[in-house]
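> Give me a 3D structure for the following:
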Amino acid sequence: MEKTIRRFRKGRSASDSFLIGDEVNMKIKLNKELTNHFLITDTYKEFGKKYGLEARTIAEFSSIAKKIPIQKRNNYQYLTMDHYRFAVTKANPIEVLDWYLSIMDGQNNQPPPADLAKSISWNNRKKISQTEKIKKSYHSLKKIINNIDLPDEYSEEWLIIKNQISSFFEKICDLKSIYIIYGLKDPRTNMFFYIGKTKNIEQRFNSHKSDNYTNQGKSKIINELRLIGLSPEITELEKTNEINVEKMEKKWISKGRLEGWPLVNVSDKW
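Numbers count the residues shown, from 1 in each chain. Now for the predicted structure:
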């Protein structure tokens, strides 16, 4: 447990939180005197002092450890404490955690934002899960298709078939999720300085103008324009769907780099 303490102080991990929660729950279970709320709270305070945490955090770890069975935890190793916190507020936390896994980016082991489950109904979550499964199948199929090497006499016919397969999957994965690739233009130079993606271009433009400091280079240009009474201009570059949006954004950033646009995107290091 000493290793857990050192690791926990360097940076909290869900596995460490489970270990602490299990330790607390074991003490409460074995100590028959801990039968009332006040004595249990004192136990949380005791462990809080041991790990340098607040008693309420220890209580949270205890609750999460109780509700997520040990044999299931390895399945959720890439999820964060925020995912667990939301899941245990629901009647079936395992169902919520399984949903997070179903839409996780398997290539990068990147889970979706924990807040995503709060903003949509369970019916819509099921639709998203189904779409994500289709997308993953499509990406796997694309790898196989791209590795098929046919004789030259079939190349033209094979290209048509590949395009038909691609169009089919794009159609069923769209689900009305139309994305817009856009560019922010500096009116002083008439050149794009930022490329982005959005579902709502007007809302995104207002967000940029309010300057939320998510990108220092972009914020600097917007503030400079504001000081001289100007505003950036936004231009729709291309419409695409969810399955292709990342690829299209990369394409436009690469195109801009080649054409000498002074782009300040921080996500263009592919």
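
> Make sure G183 is indeed in a helix.
No. Under DSSP: H, G, I helix; E, B strand; the rest coil, G183 falls outside any helix and is assigned strand.

> Can you name the residues that contact it?
If you count contacts by C-beta atoms under 8 Å, 6 or more residues apart in numbering, G183 has them with F192, Y194, I195, G196, I234, T235, L237, W252, G256. In this view, the C-beta of every residue, glycine as well, is placed from N, C-alpha and C.

> Could you check how far it is from S17?
G183 sits 43 Å away from S17, going by C-beta to C-beta, to the nearest Å.

> related to what we said a few turns ago, export the contacts of G183 to a markdown table and tack on neighbour count and pLDDT?
Output for the contacts of G183, formatted as a markdown table (neighbours: other C-beta atoms under 10 Å; pLDDT from 0 to 100):
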| residue | neighbour count | pLDDT |
| --- | --- | --- |
| F192 | 24 | 96 |
| Y194 | 25 | 94 |
| I195 | 26 | 95 |
| G196 | 23 | 92 |
| I234 | 22 | 93 |
| T235 | 11 | 93 |
| L237 | 20 | 94 |
| W252 | 22 | 94 |
| G256 | 21 | 93 |
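
> From these, pick the one nearest K218.
Y194 (5.0 Å; C-beta to C-beta).

> Just the element for that closest one, please.
In the assignment (DSSP states H and E), Y194 maps to strand 191-198.

> could you give the mean pLDDT of the following helix or strand past that strand?
Per DSSP H and E, the first helix or strand lying C-terminal to strand 191-198 is helix 201-210. Across helix 201-210, the average pLDDT comes to 80.

> Buried residues, helix 201-210. List them.
For helix 201-210, burial by neighbour count (16 or more other C-beta atoms under 10 Å) applies to I201, R204, F205, H208.
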